[in-house]
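K.L.:
with the input below, show me the fold.
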Amino acid sequence: MKGKRFFSYEWDAIAGVLAAVAAIVLHFLHIADEHIILPIVLALMALLFISFMRHERNNERTAGQVDQIQRMTAKIKSSLAVPDVVLIGPRQLRAAHDQFARGMRGEVVLFNVCLSMYRTAMLFDMLLRPMIENHQVTSIHFVLDESQKALWQAEILPKITACGDGNKVREPHWCKLGRNLSFILADTQPDGATEALLSFWGEPFMAQSTERNVPRYVFHVQAHSELLPHFVELERSHRLLNNSQ
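P.N.:
Next up is the predicted model:
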């Protein structure tokens with residue numbers, strides 16, 4: 001270890017400093033005159049120039065290595081496929097839902113969600129209220145199965161009405177939905193790209209009990225996913241079907 005440190009010293013610089021000190025001492029002692037000092041000064045300038053050139057080559061070599069590493073890193077990043085869908089488990093579910101709700105903007109669509117998960121005040125405040133009170137959200141549209149009408153009128157609508165911005169929640173589009181597919185569709189900040197939270201009724205994706213069904217696993221559908229146009233068309237077709245009846 002000491003040997004490596006010894007060889008790492010800038011010996012040309014050390015030699016130059018020693019020579020300069022010796023020349024100054026000899027000059028003040030009147031042992032050496034200007035004819036002797038001048039060659040020493042020229043030699044020191046040469047040593048300084050050699051040291052500068054060596055460091056310049058090292059800097060160029062280092063810059064080349066850094067540039068090569070950056071190109072390799074960019075190539076690796078470009079080769080990595082960005083997932084279309086990210087699975088969110090129980091431990092991250094609340095944080096992911098809160099983040100999604102805070103990032104919403106514009107029109108929000110809740111398609112075939114299970115209203116029983118909003119039945120209790122705690123879950124309503126956790127899952128639905130953040131969407132309603134998000135000032136970036138202009139309207140909230142539900143597309144629901146007709147079997148949930150009684151639950152909507154008795155327990156969900158009063159909670160929505162009690163919210164300060166409850167008027168942004170539109171009257172649900174009631175349909176016959178035989179699907180087990182459920183999603184929340186919204187534009188997200190900051191660029192306004194459309195994303196979705198996708199879930200499925202039944203085990204293992206939803207925890208079921210006699211009182212309520214609560215999602216256990218959801219899928220965060222990213223903005224570049226090809227699933228999103230299908231969700232938009234699915235919601236639009238059911239909404240048009242409802243309006244034509």
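K.L.:
gap between stretch 222-242 and the chain center?
P.N.:
The chain centre lies 25 Å from the centre of stretch 222-242; the measure is Cα atoms, centre = their mean, to the nearest Å.
K.L.:
domain ranges for this protein?
P.N.:
2-79, 85-244 (automatic domain parsing).
K.L.:
of the ones you listed, flag the one that's most buried.
P.N.:
domain 85-244 (a mean of 16; mean count of other Cβ atoms under 10 Å). Heads up, the C-betas are built off the backbone N, CA and C, glycines and all.
K.L.:
follow-up on the earlier one: export the domains of the chain to CSV and tack on mean pLDDT?
P.N.:
Output for the domains of the chain, formatted as CSV (pLDDT from 0 to 100):
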stretch, mean pLDDT
domain 2-79, 65
domain 85-244, 86
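K.L.:
can you tell me the SS state at residue 62?
P.N.:
Here residue 62 is helix, with the state taken from DSSP: H, G, I helix; E, B strand; the rest coil.
K.L.:
can you check residue 195 too?
P.N.:
strand.
K.L.:
repeat for the one 4 residues further on
P.N.:
Look at residue 199: counting by three-state DSSP, its state is strand.
K.L.:
what bridges to it?
P.N.:
Per DSSP bridges, the residues bridged to residue 199 are residue 182.
K.L.:
what sits against it?
P.N.:
Applying Cβ atoms under 8 Å, 6 or more residues apart in numbering to residue 199 gives the contacts 182-183, 205-206, 215, 217-219.
K.L.:
ok, residue 225 next?
P.N.:
Per Cβ under 8 Å, 6+ apart, neighbours of residue 225: 84-85.
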